[in-house]
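Visitor: starting from these lines, generate the structure:
(one chain, ligands or ions: 1)
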Amino acid sequence: MTNPLLSHWDTPFALAPFDKISDEDFAPAFAEALETHKAEIAAIADNAAAPTFANTIEAMEAAGSGLDKVLSVFFSVAGADSTPAREALQREFSPKLAAHGAEISANKALFGRIKAVWDARETLELSEEQQRVLMLTHRGFVRGGAALEGADDIRMKEIKSRLAVLGTDFTQNLLADERDWYMTLTEDDLEGLPGFVVDAARAAGEEKDAGGPVVTLSRSLIVPFLQFSPRRDLREKAFAAWAARGANGGETDNREIAAEILSLRQERAALLGYGSFADYKLETEMAKAPGAVRDLLMAVWEPAKARAEADAAVLTEMMHADGVNGDLAPWDWRYYAEKRRKAEHDLDEAALKPYLQLDRMIEASFACATRLFGLAFKPLDVPLYHPDCRAWEVTRNGAHVAVFIGDYFARGGKRSGAWCSAMRGQAKFPEVQAPVVINVCNFAKGDPALLSYDDARTLFHEFGHALHQMLSNVTYESISGTSVARDFVELPSQLYEHWLEVPEVLAEYATHAETGAPMPEEMLNKVLGAANFDQGFATVEYVASALVDLAFHEGAAPGDPMARQAEVLADLGMPAAITMRHATPHFAHVFAGDGYSSGYYSYMWSEVMDADAFEAFEEAGGAFDADTAKALETHILSAGGSVEADELYKRFRGRLPDVEALLKGRGLAA
Ligand SMILES: [Zn+2]
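Guide: Predicted structure coming up:
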């Protein structure tokens, strides 16, 4: 019998036949599909015919479709419905895939052909999209080091493998520090803590076999402890340990590792001909250069700092009224901010929840897409990988657009968080391929299932990513849907969250599970007000980290990163009661791998854009303005990575994004 993963999928919309696939099918299908892709790549690289766009670039686009099929199914179940057997398969597949990717990017014959097509690009009469795919393919190989020869080539390989080792060491040291430290609490020490923190402290104590409740360095425990514990001495002790992660001396100290990583990155950028690692990293982003990132961060920094200083004065007064003299310290901020939040914005989560029914919120997210883009959603009865999964056929004017799958409930075997992925990306080459898109969340089950406000926002966020995939309308899959710059990819998702806050949407869909009554306006205002609370603090701790990240990767690598960090913070005039969200020795975004190195800014970059983009609707007359929706689809949601991100944004908005809308949204505007 043929392996169902590799056979033709003669199913509705060519969906994977989940009811026929078993775990035993993965390993043989993976092995066969990997070999096929290797053979396809070898055939392209060794082709005797002169290199052309069709026999090189398009051939690479078409190659690997079998591997894509196998992996789309495998990674869906490995992420959302894992088992020890699937984890073992993932441990087996991951290094093989990494080696396969490295082998392709180091294939000199293949690169020679790509380069030949690239060099001849002016004479080839390529479409705009073809030129773009050619540029991206060529640039990807060059950035990976394919054009290097001799000693430089060897050195690049050494740097890459050393960086991989250092990134792993950094992560493991951090984990070791986080695992080893805990602070035991007596029953008296628990006073003032809410039930969920007490429960978490007891559970952590059991896990550590500590004979009683403990505070650990896990963010989900230490942050609420700092927020709620009235014991200043314990807060100080816990905070000190949290701040010292990765900088405790001895075997697990990350400071020298950070210095070596920065120096190797600088050398890598220099080998490739860039002035700095930040120049290298930002070349492929919407920001393009360090100056643009710095301008954006500094435009936010001053108003955020002013707000944080004003807030610090209020909190200091509260502390003095509490009988504690002296200055507000970093271990005091969260505690007094929580007291203030309760006084100013107390929101009863228990009373809010019945208004946010999962099914009604799904309806709301669909209804907004119907009004904005004319999409219709019809439930589909097809076999999927878990009985919790639901599917819909998405159509427009009766024509098929996509299949959308929602896998909403938390369960053992699903990794935490929420995500969107395309089980099949949109493409028209080598044949028309309609997208199959999945949103995976971790909501609590219930009858009916009820969401927190954050959950509802997550639902809209992931559905925004799904729209980016489903409305994609390009030829080549490598640039379709969410295949865009990292600092652009969160625009559609964060933008879509704004429709949840549109009063008429909540009025219609946020109805009480028992009475059917709409959410009272006073409650809605509290929800929206609470979202802006303490944004001076949040913005300062974030922007300081982003500016240190940027400073590390501009110019010569700092021999002593801790000294450089101190210098940057001193120049900024960092408020004394706030620390960086992630200080260097535990800044995993920057040092665990290079994904977010000189890229930590991108969260805020996207937020500036989503605030500015939503304002385009408001300026045009409202959240459902038809012309603005059309422009959003034409220039952003359908375009994938077919055009530079800044150009796409300009086509949509008529100009580049402006920070004013973000400052207003975070309550930081003057
Ligand atoms: Zn996202």
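
Visitor: which non-adjacent residue is nearest the residue in the stretch 501-650 of the chain that the ion sits nearest to?
Guide: At 8.5 Å from the ion, Ser606 is the closest residue in the stretch 501-650 of the chain, using CB to the ion. Placement of C-beta: from N, CA and C, glycine included. The shortest distance from Ser606 to any non-neighbouring residue, by CB to CB, 6 or more residues apart in numbering, is to Glu490 (3.7 Å).

Visitor: cool, and Ala27?
Guide: For Ala27, the nearest residue in space outside its immediate sequence neighbours is Leu89; the separation is 6.4 Å by CB to CB, 6+ apart.

Visitor: my guess is the one you found meets Pro28, correct?
Guide: No - counting by CB atoms under 8 Å, no contact exists between Leu89 and Pro28, whose distance comes to 11.3 Å.

Visitor: more neighbours, these two?
Guide: Leu89 (19 against 13; other CB atoms under 10 Å).

Visitor: show me what contacts the more buried one?
Guide: Listed by CB atoms under 8 Å, 6 or more residues apart in numbering, the contact partners of Leu89 are 23, 26-27, 30, 74, 78.

Visitor: how near is it to Ala33?
Guide: Distance of Leu89 to Ala33, computed by CB to CB, to the nearest Å: 14 Å.

Visitor: same deal with Val502?
Guide: From Val502 over to Ala33 (counting by CB to CB), the distance is 45 Å.

Visitor: which of those two has more neighbours?
Guide: For Val502 and Ala33, the more surrounded residue by other CB under 10 Å is Ala33, and the numbers stand at 21 against 17.

Visitor: quick one: residues contacting the more buried one.
Guide: With CB under 8 Å, 6+ apart, Ala33 has these contacts: 5-6, 64, 66-67, 69-70.

Visitor: same list (those residues) but as JSON lines, adding neighbour count and pLDDT.
Guide: Rendered in JSON lines, the data for those read as follows (neighbours: other CB atoms under 10 Å; pLDDT from 0 to 100):
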{"residue": "Leu5", "neighbour count": "25", "pLDDT": "97"}
{"residue": "Leu6", "neighbour count": "17", "pLDDT": "94"}
{"residue": "Gly64", "neighbour count": "19", "pLDDT": "96"}
{"residue": "Gly66", "neighbour count": "19", "pLDDT": "95"}
{"residue": "Leu67", "neighbour count": "21", "pLDDT": "97"}
{"residue": "Lys69", "neighbour count": "20", "pLDDT": "95"}
{"residue": "Val70", "neighbour count": "24", "pLDDT": "97"}
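
Visitor: greatest separation within those residues: which pair is it?
Guide: Using CB to CB, the pair of the contacts of Ala33 lying farthest apart is Leu5 and Gly64, separated by 14.1 Å.

Visitor: quick check: phi and psi on the residue of the stretch 501-650 of the chain closest to the ion?
Guide: Dihedral pair for Ser606: phi -70, psi -40, per degrees, to the nearest 10.

Visitor: now for it, how many residues are close by?
Guide: By other CB under 10 Å, 22 other residues sit near Ser606.

Visitor: that one is in contact with Leu495, isn't it?
Guide: No - Ser606 is beyond contact range of Leu495, at 9.0 Å (criterion: CB under 8 Å).

Visitor: if any of the contacts of Leu89 are buried, give me the ChimeraX selection for them.
Guide: In ChimeraX, this line selects whichever of the contacts of Leu89 come out buried by 16 or more other CB atoms under 10 Å:
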select :26,30,74,78
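
Visitor: now, the most widely separated pair of the contacts of Leu89?
Guide: Using CB to CB, the two most remote members of those are Ala27 and Ala78, lying 12.8 Å apart.

Visitor: which residues in the stretch 551-670 of the chain form helices?
Guide: All helices of the stretch 551-670 of the chain, identified by DSSP state H, counting those that start in this stretch, fall at 561-572, 588-591, 602-619, 626-632, 645-653, 660-665.

Visitor: run through the neighbouring helices and strands of the last one.
Guide: Looking back up the chat, that one is helix 660-665. Of the remaining helices and strands, those touching helix 660-665 by 3 or more CB pairs under 8 Å, 6 or more residues apart in numbering; DSSP states H and E are helix 290-321, helix 602-619.

Visitor: in that helix, what's buried?
Guide: Under 16+ other CB under 10 Å, the buried positions of helix 660-665 are 661-663, 665.

Visitor: in contact with the closest residue to the ion within the stretch 151-300 of the chain, which residues?
Guide: Using CB to the ion, the closest approach of the stretch 151-300 of the chain to the ion is made by Met286 at 15.6 Å. Residues in contact with Met286 (CB under 8 Å, 6+ apart) are 485, 487-488, 605, 644-646, 649.

Visitor: can you give me phi and psi for it?
Guide: According to degrees, to the nearest 10, the main-chain angles of Met286 amount to phi -60, psi -40.

Visitor: with adjacent residues omitted, what lies nearest to it?
Guide: Leaving aside its chain neighbours, Met286 sits nearest to Ala645 (3.7 Å; criterion: CB to CB, 6+ apart).

Visitor: grab the nearest non-local neighbour of the residue of the stretch 1-150 of the chain found nearest the ion.
Guide: When distances are taken as CB to the ion, the stretch 1-150 of the chain approaches the ion most closely through Gly79, which lies 14.8 Å from it. Closest residue to Gly79 in three dimensions, ignoring its sequence neighbours and counting by CB to CB, 6+ apart: Arg415, at 5.5 Å.

Visitor: wait, what's in contact with that neighbour?
Guide: Contact analysis of Arg415 by CB under 8 Å, 6+ apart lists 79-80, 82.

Visitor: which residues of the stretch 451-600 of the chain lie near the ion?
Guide: Residues of the stretch 451-600 of the chain lying close to the ion by CB under 5 Å from the ion are 490, 493.

Visitor: picking up where we left off before, which ones among the contacts of Leu89 map onto strands?
Guide: Under the assignment DSSP state E, these contribute nothing to strands.

Visitor: out of the contacts of Leu89, which are inside helices?
Guide: The subset of the contacts of Leu89 located in helices under the criterion DSSP state H comprises 26-27, 30, 74, 78.

Visitor: how deep is the residue in the chain positioned nearest to the ion tucked in, by neighbour count?
Guide: Taking CB to the ion, the ion has its nearest neighbour within the chain at Ser493, 4.2 Å off. Counted with other CB under 10 Å, residues neighbouring Ser493 total 22.

Visitor: centre of the chain to the host helix or strand of it, how far?
Guide: Using DSSP states H and E, Ser493 falls within helix 491-500. Chain-centre distance of helix 491-500: 14 Å, with CA atoms, centre = their mean, to the nearest Å.

Visitor: ok, stretch 356-365 next?
Guide: 23 Å.

Visitor: grab the most central residue of the protein for me.
Guide: Centroid check for the chain by CA atoms, centre = their mean gives Glu490 as the closest residue, at 7.3 Å.

Visitor: show me the contacts for that residue.
Guide: By CB under 8 Å, 6+ apart, the contact set of Glu490 is 602-603, 606, 610.

Visitor: low-confidence regions, the stretch 1-150 of the chain specifically.
Guide: Low-confidence segments of the stretch 1-150 of the chain, defined by pLDDT under 70, are located at 1.

Visitor: quick one, helices of it?
Guide: Shown for the stretch 1-150 of the chain, the helices assigned by DSSP H, counting those that start in this stretch span residues 26-45, 59-62, 65-80, 84-105, 108-119, 128-143, 150-180.

Visitor: okay, the angle between the first one and helix 84-105?
Guide: With axes from the mean of the first three to the mean of the last three CA atoms, to 10 degrees as the criterion, the two stretches helix 26-45 and helix 84-105 enclose an angle of 10 degrees.

Visitor: could you export helix 26-45 as PDB, CA atoms only?
Guide: Output of helix 26-45 as PDB, limited to C-alpha atoms (Å, rounded to 0.1, in the frame of the first residue of the first chain):
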ATOM      1  CA  PHE A  26       5.800   9.800   9.000                       C
ATOM      2  CA  ALA A  27       9.400   8.400   9.100                       C
ATOM      3  CA  PRO A  28       9.300   6.500   5.800                       C
ATOM      4  CA  ALA A  29       7.400   9.400   4.000                       C
ATOM      5  CA  PHE A  30       9.900  11.900   5.400                       C
ATOM      6  CA  ALA A  31      12.900   9.800   4.300                       C
ATOM      7  CA  GLU A  32      11.500   9.400   0.800                       C
ATOM      8  CA  ALA A  33      10.400  13.000   0.300                       C
ATOM      9  CA  LEU A  34      13.800  14.200   1.500                       C
ATOM     10  CA  GLU A  35      15.600  12.000  -1.000                       C
ATOM     11  CA  THR A  36      13.200  13.200  -3.700                       C
ATOM     12  CA  HIS A  37      14.000  16.900  -2.900                       C
ATOM     13  CA  LYS A  38      17.700  16.200  -2.900                       C
ATOM     14  CA  ALA A  39      17.400  14.600  -6.300                       C
ATOM     15  CA  GLU A  40      15.400  17.500  -7.600                       C
ATOM     16  CA  ILE A  41      17.900  20.000  -6.300                       C
ATOM     17  CA  ALA A  42      20.800  17.900  -7.800                       C
ATOM     18  CA  ALA A  43      19.000  17.800 -11.200                       C
ATOM     19  CA  ILE A  44      18.700  21.600 -11.200                       C
ATOM     20  CA  ALA A  45      22.300  22.100 -10.100                       C
END
